[in-house]
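Peer 1: based on what follows, work out the 3D shape:
(one chain, ligands or ions: 1)
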Amino acid sequence: MAGMTDIRPPRFLDACRRKPVDKTPVWLMRQAGRYMAEYRELRKDYGMLDLIHEPKLACQVTMQPIDAFDLDAAIIFADILPPLEGLGLKVGFEAGEGPIVYNAVRDEAAIKSLKDPDIQETTWFTLEAIKLVRQQLDPRGIPLIGFSGAPFTLASYSVEGGSSKDFILTKRLMMGRPDLWKQLMDKLTTLVGGYLKAQAEAGAQALQIFDTWAGLLGPADYARFALPYNRAIVQEAKTAGVPVIYFSTGTDGMLELAAQTGADVIGVDWRIDLAEAWRRIGPEFAIQGNLDPTCLLADWPAVEERTAAVLDSAGGRPGHIFNLGHGVLRETSVEQVTRLVDFVHQYQVKPGA
Ligand code: CP3
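Peer 2: Coordinates of the predicted model:
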């Protein structure tokens, strides 16, 4: 664990800009959460939304992994769903069920009645939490990442009303009523663009877009029904002057399209070799990823082998940010995360790898 007074080199932000760094920067998606005892302790007294809606608590949770591990970036504690409250959606998290949208948006009337939110008002708690977290991170030289769900992924929760396996309702709307789909996606695009920008203005030093469900789409549908909106939000976020990371899962069949979002950094899951991903999108992008989070549940040698393979695949090229290919699983041991982060920092790429 780093001493509290150490000031860290800006290796995460430098890597986002593909500048050379002293060590490969590392942070983990879902680095705050139930695998940590400190988080579970707080959750005895507060619901998930309570933690997000109270800036002091959100700040406290954001800092938990920063105090526990030698991470190179923090990510603000929030979730992709609460910003939907601004459109008039009722959002909740229920034990064992994940996120719920109680008034799912499934027809023209519902789409037409979505509100145009004042972002400062409807997401004030996260914007305020960002300011609090910056006060704690700045003396340590650790940058803060803000984030949002991508329009497609948010649309899928809005239409299904929660998690889903096949996303039948979402795809039916998208394929059958492209006119309504556009109306819904335009609303979400305005929301996300404004929210990302507001986070940067509040102090987020990088912005990540989570398009968790993009891989449900074939390339032609992604290009038509998701990509144009992703391009618009990336463009809007970039006006804030901070690096933008676009992360999706299951999109190894259309990585070139992910790159067309125009983000500075492309996040990839473990379904593709990192070097191949880089060849396909080109050297003008930084890459974030891509260890299979499940391997952290195996004994350490399995983690070490796969982590070394990811780092060798990146080959020490500037612009690699080490991360998992998706979020930390709740069954993960804190000990493994400690070892992982330290291993990434001390690893020397094998010559010729
Ligand atoms: O540490 C961090 O990464 C920041 C916080 C963060 C959370 N969710 C907290 C959370 C971030 C960046 C997210 C993003 C998010 N939320 C995504 C995109 C990334 C991904 O994992 O694909 C999605 C799809 C969601 C929606 C969501 N929120 C789901 C599907 C669930 C339930 C599944 C689960 O893991 O419990 C959540 C709940 C959630 N979001 C928890 C946390 C810590 C667990 C809440 C709890 O029970 O205490």
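
Peer 1: from here on, contacts and neighbour counts on C-alpha atoms
Peer 2: Fine.

Peer 1: for the ligand, what's the nearest residue on the stretch 101-250 of the chain?
Peer 2: The nearest approach of the stretch 101-250 of the chain to the ligand comes at residue 212, 4.5 Å away (CA to the nearest ligand atom).

Peer 1: go ahead and confirm that residue touches residue 267.
Peer 2: No: the criterion here is CA atoms under 8 Å, and residue 212 misses it with residue 267 at 10.8 Å.

Peer 1: so the two - more neighbours on which side?
Peer 2: Taking other CA atoms under 10 Å, residue 212 and residue 267 do not tie; residue 267 has more neighbours (30 against 18).

Peer 1: got phi/psi on the more buried one?
Peer 2: Main-chain dihedrals, residue 267, degrees, to the nearest 10: phi -90, psi 130.

Peer 1: isn't it up against residue 285?
Peer 2: No: with contact defined as CA under 8 Å, residue 267 does not count as touching residue 285 (10.2 Å).

Peer 1: need the residues touching each of these two.
Peer 2: By CA atoms under 8 Å, 6 or more residues apart in numbering, residue 267 and residue 285 have no common neighbours.

Peer 1: okay, now the closest residue to the ligand within the chain: neighbour count?
Peer 2: Closest approach of the chain to the ligand (CA to the nearest ligand atom) occurs at residue 30, with a separation of 2.9 Å. Other residues lying near residue 30 total 17 when counted by other CA under 10 Å.

Peer 1: against residue 101, how distant is it?
Peer 2: As judged by CA to CA, to the nearest Å, residue 30 and residue 101 stand 21 Å apart.

Peer 1: for residue 166, same thing?
Peer 2: In this view, residue 166 and residue 101 are 17 Å apart by CA to CA.

Peer 1: give me the more crowded residue out of these two.
Peer 2: Using other CA under 10 Å as the criterion, residue 166 and residue 101 rank with residue 101 on top: 22 against 10.

Peer 1: quick one: the helix or strand in which residue 344 is found to chain centroid distance?
Peer 2: Element membership for residue 344 (DSSP states H and E) is helix 334-346. Computed by CA atoms, centre = their mean, to the nearest Å, the chain-centroid distance of helix 334-346 equals 20 Å.

Peer 1: which other helices and strands does that helix contact?
Peer 2: helix 300-314 (3 or more CA pairs under 8 Å, 6 or more residues apart in numbering; DSSP states H and E).

Peer 1: residues in contact with the helix or strand just after the helix it packs on?
Peer 2: Next along the chain after helix 300-314, taking DSSP H and E as the criterion, comes strand 320-324. Strand 320-324 is contacted by residues 12, 15-16, 18, 24-29, 269-270, 286-293, 311, 314, 344 when judged by CA under 8 Å, 6+ apart.

Peer 1: any idea of the mean pLDDT for whichever strand or helix holds residue 65?
Peer 2: Per DSSP H and E, residue 65 falls inside helix 55-68. Averaged across helix 55-68, pLDDT comes to 98.

Peer 1: in that helix, which residues are buried?
Peer 2: Using 16 or more other CA atoms under 10 Å as the test for burial, helix 55-68 gives 55, 56, 57, 58, 59, 60, 61, 62, 63, 64, 65, 66.

Peer 1: what does the stretch 101-250 of the chain have sitting close to the ligand?
Peer 2: 210, 212 (CA under 6 Å from any ligand atom).

Peer 1: excluding its backbone neighbours, what's nearest the residue of the chain closest to the ligand?
Peer 2: Once flanking residues are discounted, residue 30 sits nearest to residue 327: 4.8 Å by CA to CA, 6 or more residues apart in numbering.

Peer 1: surely residue 192 and residue 153 touch.
Peer 2: No: under the criterion of CA under 8 Å, residue 192 makes no contact with residue 153, lying 11.3 Å away.

Peer 1: re the thing from before, overlap in contacts of residue 212 and residue 267?
Peer 2: 247, 248.

Peer 1: so residue 192 and residue 153 - more neighbours on which side?
Peer 2: Per other CA under 10 Å, whichever of residue 192 and residue 153 has more neighbours is residue 192, with 30 against 22.

Peer 1: and the helix or strand where residue 189 lies, what does it pack onto?
Peer 2: Assigned by DSSP H and E, residue 189 belongs to helix 178-202. Counting contacts by 3+ CA pairs under 8 Å, 6+ apart, helix 178-202 packs against helix 108-112, helix 119-122, helix 124-137, strand 144-149, helix 151-160, helix 168-176, strand 206-211, helix 227-238.

Peer 1: so who does residue 236 touch?
Peer 2: 193, 194, 197.

Peer 1: separation between residue 72 and residue 336?
Peer 2: 17 Å.

Peer 1: hmm, I was thinking of residue 215
Peer 2: Distance from residue 215 to residue 336, by CA to CA: 29 Å.

Peer 1: cool, and residue 194?
Peer 2: For residue 194, the distance to residue 336 (CA to CA) stands at 37 Å.

Peer 1: for residue 287, same thing?
Peer 2: 23 Å.

Peer 1: give me the more crowded residue out of the two.
Peer 2: Neighbours were counted for residue 287 and for residue 336 using other CA under 10 Å; residue 287 has more, 31 against 18.
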